[in-house]
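In: Following is a predicted model, sequence given first.
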Amino acid sequence: MDSYVKKNEIRLNTFEFILRSSEDTIKDQLIKSNFCERIFLDYVRDFREFNIQFSKIDLEFLAFRRSYPLRLEAISLINTALSLRNLAPQMYTEFLMYSRRHLLIRQELAMLSTCMAVNSKEATCLLLFAVLLESNETDLVYVMT
């Protein structure tokens, strides 16, 4: 678990550094490598939980045992791309395109509409909506209303 948390932080910080960089070559490579496709096709929809059945974990980690690490990491990547739109407009545009192509908002709304109570799965939907609303991207916000 400790290794995952450290690697997650490294990945998110690296992604943010790439987007903040004035060098566009790596950003272009991310686009050409279908990085966004992988995020929206695989990771946003990944509801696998940590398997901690036989792991020794700290008490602080118990609250996260029912979380969806890949989905939450994808939401963090989406948040980073949306918040750094001025520094990486090509990645921002790519994230918008894939969110539309994969009907992100419609799928999240469908998931919420079928639930009887808000559990950890639905809470991640609400988190994603909060990220989209905070981005203040009119196209995404319009689809949500």
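Out: Received the coordinates, thanks.

In: by contact count, what packs against the one helix or strand Phe15 maps to?
Out: Using DSSP states H and E, Phe15 maps to helix 2-20. In terms of contacts (3 or more C-beta pairs under 8 Å, 6 or more residues apart in numbering; DSSP states H and E), helix 2-20 is packed against helix 25-32, helix 69-83. Just so you know, the C-beta spots here come from the backbone N, C-alpha and C atoms, and that holds for glycine as well.

In: please redo it, this time with the cut-off set to 7 Å
Out: Under the contact criterion of 3 or more C-beta pairs under 7 Å, 6 or more residues apart in numbering; DSSP states H and E, helix 2-20 touches helix 69-83.

In: buried stuff in the helix it packs on?
Out: Counting neighbours by 16 or more other C-beta atoms under 10 Å, one finds that the buried residues in helix 69-83 are 69-82.

In: Quick one: mean pLDDT over it.
Out: Helix 69-83 carries an average pLDDT of 94.

In: And for stretch 26-37?
Out: Stretch 26-37 carries an average pLDDT of 95.

In: Please save the CA atoms from the helix or strand where Lys121 lies in PDB.
Out: Using DSSP H and E, Lys121 sits in helix 120-135. What follows is helix 120-135, C-alpha atoms only, in PDB (Å, rounded to 0.1, in the frame of the first residue of the first chain):
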ATOM      1  CA  SER A 120     -18.000   5.000  -2.200                       C
ATOM      2  CA  LYS A 121     -18.700   4.300  -5.900                       C
ATOM      3  CA  GLU A 122     -21.300   7.100  -6.100                       C
ATOM      4  CA  ALA A 123     -19.100   9.400  -4.100                       C
ATOM      5  CA  THR A 124     -16.400   9.200  -6.800                       C
ATOM      6  CA  CYS A 125     -19.100  10.300  -9.300                       C
ATOM      7  CA  LEU A 126     -19.800  13.300  -7.100                       C
ATOM      8  CA  LEU A 127     -16.100  14.000  -6.900                       C
ATOM      9  CA  LEU A 128     -15.800  14.000 -10.600                       C
ATOM     10  CA  PHE A 129     -18.700  16.300 -11.000                       C
ATOM     11  CA  ALA A 130     -17.100  18.700  -8.500                       C
ATOM     12  CA  VAL A 131     -13.900  18.700 -10.600                       C
ATOM     13  CA  LEU A 132     -15.900  19.400 -13.800                       C
ATOM     14  CA  LEU A 133     -17.900  22.200 -12.100                       C
ATOM     15  CA  GLU A 134     -14.700  23.700 -10.600                       C
ATOM     16  CA  SER A 135     -13.100  23.800 -14.100                       C
END
